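S.K.: got a sequence here, can you build the structure:
(chains A, B, C and D)
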There are 2 protein chains.
Amino acid sequence: MPNNNKKTQRPIMALLDLLGQKWVLRIIWELREAPLTFRALRERCDQISPTVLNQRLSLLRDAGLVELTEEGYQPTRPCQELGPILMQLSDWSKTWQNARKD
Amino acid sequence: MPNNNKKTQRPIMALLDLLGQKWVLRIIWELREAPLTFRALRERCDQISPTVLNQRLSLLRDAGLVELTEEGYQPTRPCQELGPILMQLSDWSKTWQNARKD
DNA sequence: TTTCTTGCTACATATTATGTAGCGCACTTA
DNA sequence: TAAGTGCGCTACATAATATGTAGCAAGAAA
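M.R.: Numbering: from 1, shown residues only, chains lettered A, B, ... in the order given. The predicted structure follows:
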């Protein structure tokens, strides 16, 4: 699914590629509050298959966004800075859904 | 790929489901500046297959995020509000990529 | 030893994306 | 009239990904 294009060199493209993979945004979202074990994370993500969960976690670890500590998986410092942006997305999604009801 | 879970009722979950689909973020990103025809959009998205492009555009139209006008495909008002958030993502991605170089 | 729980892997099956060709329509140009 | 051009989009065979279930190996606790 990732993209080996030249354009992918541009940071935003790399990011869109990464976040555009199934479950990636959801995983980051679920880790936003507290560390979660592999199995707990699975449950939060609608029992996502462990195969894919592991693929995504490897990817996120390689990207320096997530790390495995003794308390479980958790976002790294840089990834925590993504938090506020995700909250904005969350806020936006509410007004979007309200608008959809017409 | 979309999710028919109860949780998907929550706006943020619906949004994460939507944006987490391959090409969706990229399409929104490419439409941020000016309207693009189906074919122009294809080129911008690394010649994405027309099958998938159409599926995603249908999805985005149903979601009220994109519309087809005489000038081509373009984001709706609500979707344009997403723009600043995406720009923040873009900014964040730059520092993220710099940090990655260590 | 036995019993938990951990992160994670194997593998057969189902779902989704890719890539290419081209259709039907509208509009322009000869 | 006829031929060309560009449009949104579809068909379809092939390749890449995800799903779901079972279970392994390692560590901690009893």
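S.K.: shouldn't A:Thr51 be within a strand?
M.R.: No: according to DSSP: H, G, I helix; E, B strand; the rest coil, A:Thr51 belongs to no strand; its state is helix.
S.K.: in contact with it, which residues?
M.R.: Listed by C-beta atoms under 8 Å, 6 or more residues apart in numbering or on different chains, A:Thr51 has no contact partners. (Glycine included, C-beta is placed from N, CA and C.)
S.K.: for it, give me the pLDDT.
M.R.: A:Thr51 carries a pLDDT score of 98 in this model.
S.K.: which parts of chain A sit against chain B?
M.R.: For chain A, the contact set with chain B under C-beta under 8 Å from any C-beta of the partner chain comprises A:1, A:3, A:5, A:7, A:11-17, A:19-26, A:29, A:46, A:63-64, A:78, A:81-82, A:85, A:88-90, A:92-97, A:99-100.
S.K.: is A:Ala40 in a helix, a strand, or coil?
M.R.: Per three-state DSSP, A:Ala40 ends up helix.
S.K.: surely it touches A:Gln74?
M.R.: No: taking contacts as C-beta atoms under 8 Å, A:Ala40 lies outside contact range of A:Gln74: 11.7 Å.
S.K.: compare those two (neighbour count), which wins?
M.R.: Using other C-beta atoms under 10 Å in any protein chain shown as the criterion, A:Ala40 and A:Gln74 rank with A:Gln74 on top: 17 against 14.
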